[in-house]
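Asks: A predicted structure for the sequence below; I have some questions about it.
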Amino acid sequence: MGQKYQKYSKEFRESALRRLSLSSNVTQLCRELGISRQLLYLWREDRQKQTEGAEQRLRQENTQLKKALLKKTLEVDFLKAACEKVGALRRAGTGSGETASGKSSGK
C-alpha cells in the first residue's frame, strides 16, 4: 500500500514506445528509462487499443461515405436520364428541336 505512482508525460511514453520498437534488449531499455517491463508493455497495449479503435471508426466512416456517394451517384444518374427524356420530348414535339417563333402565320 505504500507504493507511490508516478505520472509519466505523453511525450515520455511515446518516446519509450518508439525506443521499444527499435530495441533488441527490453530489460536494458527499461533500466535506462527507470520503468518496469510491465508498465512499458501496458503502454504498448493501450496504444494498440487506441489505434484499433481509431481504425474501426475510420472503417465505419468510410462505409457511410461510400453509401452516401452511391446514393448521390444514383440521384445524378436519375436526373441525367430525366433531362435526356425531357429534351427528347421537346425535340419530338417541334420537329426541329428549336423553339417555335412567336410570329403568327395568318395571311
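Replies: Alright, I've got the coordinates.

Asks: and residue 26, what does it touch?
Replies: 20, 37, 40 (C-beta atoms under 8 Å, 6 or more residues apart in numbering). The C-beta positions use only the backbone N, C-alpha and C, and glycine is treated the same way.

Asks: now do residue 13
Replies: residue 43.

Asks: Tell me which helix or strand comes right after the strand or helix carrying it.
Replies: When elements are assigned from DSSP states H and E, residue 13 belongs to helix 10-22. Following helix 10-22 in sequence order, the next helix or strand is helix 26-33 (DSSP H and E).

Asks: Quick one: mean pLDDT over that following helix.
Replies: Across helix 26-33, the average pLDDT comes to 95.

Asks: Now it: buried residues?
Replies: Within helix 26-33, the residues that count as buried by 16 or more other C-beta atoms under 10 Å are 29, 30, 33.

Asks: what does stretch 77-95 give?
Replies: Buried, per 16+ other C-beta under 10 Å, within stretch 77-95: nothing.

Asks: what about the nearest residue to residue 29 once chain neighbours are set aside, neighbour count?
Replies: Distances taken as C-beta to C-beta, 6 or more residues apart in numbering put residue 23 closest to residue 29, at 4.5 Å, once the chain neighbours are dropped. Residues near residue 23, counting by other C-beta atoms under 10 Å, number 15.

Asks: returning to that earlier point: in PyMOL, how would I pick out whichever of the contacts of residue 26 are buried, leaving the exposed ones unselected?
Replies: Only the buried entries of the contacts of residue 26 go into this PyMOL selection, using 16+ other C-beta under 10 Å:
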select buried, resi 20+40
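
Asks: just to revisit the earlier point, turn the buried residues of helix 26-33 into TSV, including distance to residue 85.
Replies: Formatted as TSV, these follow (distance: C-beta to C-beta, whole Å):
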residue	distance to residue 85
29	71
30	73
33	72
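
Asks: what's the closest of those residues to residue 81?
Replies: For the buried residues of helix 26-33, the residue nearest residue 81 by C-beta to C-beta is residue 29; the value is 64.8 Å.

Asks: Quick check, the closest one in contact with residue 19.
Replies: Yes - contact criterion C-beta atoms under 8 Å: residue 29 and residue 19 qualify, at 5.8 Å.
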